[in-house]
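>>> need the 3D shape of this:
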Amino acid sequence: MLSEEKKLLLQYYNEGIDLYFKKDFQNAIIKFQKALEINPSDGPSKLQYLRCVEYIKNPPPENWDGVFTMVTK
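As a prediction, the model looks like this:
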């Protein structure tokens, strides 16, 4: 059974993912930050947060399908 804290973290993460796929990176960042406030070591939230930051700097193309392509190692 999940704790209330874990449920809330998952809620924020899922809301963030939904916004991410809608290319609403600013609001997705807010959701991932809220998830990280609950658990600062949550790897998926950290990863998606960083991807959103990158997409704000360098927006994906119009036909973007949600896939993140690494361009450097």
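>>> now residue 20: closest residue in space that isn't a chain neighbour?
residue 28 (4.5 Å; CB to CB, 6 or more residues apart in numbering). In this view, the C-beta of every residue, glycine as well, is placed from N, C-alpha and C.
>>> what's the neighbour count on that neighbour?
24 (other CB atoms under 10 Å).
>>> in what element of secondary structure is it found?
helix 25-38 (DSSP states H and E).
>>> could you do residue 62 as well?
Using DSSP H and E, no helix or strand contains residue 62.
>>> geometric centre of the chain: which residue is closest?
The chain has residue 48 as the residue nearest its centroid, 3.3 Å off, counting by CA atoms, centre = their mean.
>>> what helix or strand is it on?
Short version, using DSSP H and E: residue 48 is in helix 43-57.
>>> buried stuff in that helix?
45, 48, 49, 51, 52, 55 (16 or more other CB atoms under 10 Å).
>>> can you tell me the closest non-neighbouring residue to residue 68?
residue 51 (5.3 Å).
>>> from residue 6, how far out is residue 32?
16 Å (CB to CB, to the nearest Å).
>>> who's more crowded, these two?
Neighbour totals were compared for residue 32 and residue 6, and residue 32 leads with 28 against 13 (other CB under 10 Å).
>>> what's near enough to touch that one?
12, 13, 16, 45, 46, 48, 49, 52 (CB atoms under 8 Å, 6 or more residues apart in numbering).
>>> isn't the last one up against residue 30?
When you say that, I think you mean residue 52. No: between residue 52 and residue 30 there is no contact under CB atoms under 8 Å: 9.6 Å.
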